[in-house]
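Asks: Quick one, fold the following:
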Amino acid sequence: MKKLKQRWGIDSNWQLFVILLVFSVTGSSAAKLAGPLTAWIGVTKEMGGFIYWTIRILAVFPIYQVLLVLFGWLFGEYEFFWAFEKKMLKRMGLKFLFKD
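Replies: Below is the predicted model of the structure:
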């Protein structure tokens, strides 16, 4: 845990707990919300498993990004998650989204 706290630049075990909690809540929520989103756009399992799961997984990505910052803000760790989000998107080749 010391290495993780060092890498993320955090001091307390409580802050580490909150950050890990935000990651878990965000992942679960994004996966849960992808179902209604795919149904809303008309994608069903009857279209074929490959198409359904590909679109559902692709739907999870933007939902996750938004929820990560939102839940980070709700749990008082906005700065950490905003920096984490920018770093992740820059590594994915989307650095044009930020003017840093």
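
Asks: so where's the longest helix in this protein?
Replies: Once the chain is assigned using DSSP state H, the helix that runs over the most residues is helix 13-40.

Asks: Any buried residues in it, and which?
Replies: By neighbour count on 16 or more other C-beta atoms under 10 Å, the buried set for helix 13-40 is Q15, V18, I19, V22, F23, T26, S29, A30, L33, A34, L37, T38. Placement of C-beta: from N, CA and C, glycine included.

Asks: got it, and stretch 70-87?
Replies: So stretch 70-87, judged by 16+ other C-beta under 10 Å, has buried residues F71, G72, E77, F80, F81, F84, E85, K86.

Asks: Tell me which helix or strand the last one sits in.
Replies: Looking back up the chat, that one is K86. helix 78-91 (DSSP states H and E).

Asks: pLDDT (mean, whole number) over that helix?
Replies: Average pLDDT, helix 78-91: 89.

Asks: and if you look at stretch 27-44?
Replies: 89.

Asks: Once you drop chain neighbours, what's closest to Y64?
Replies: A30 (4.0 Å; C-beta to C-beta, 6 or more residues apart in numbering).

Asks: Please apply the same query to Q65.
Replies: E85 (6.4 Å).

Asks: measure that neighbour to A39 for me?
Replies: 27 Å (C-beta to C-beta, to the nearest Å).

Asks: What of K2?
Replies: The value you get for K2 to A39, if C-beta to C-beta is used, is 44 Å.

Asks: Quick check, central residue of this protein?
Replies: For the chain, the residue sitting closest to the mean C-alpha position, by C-alpha atoms, centre = their mean, is Y64 at 3.3 Å.

Asks: Taking helix 78-91 as reference, get the angle to the host helix or strand of that one.
Replies: Per DSSP H and E: Y64 is located in helix 49-74. Taking axes from the mean of the first three to the mean of the last three C-alpha atoms, to 10 degrees, one finds that helix 49-74 is oriented at 140 degrees with respect to helix 78-91.
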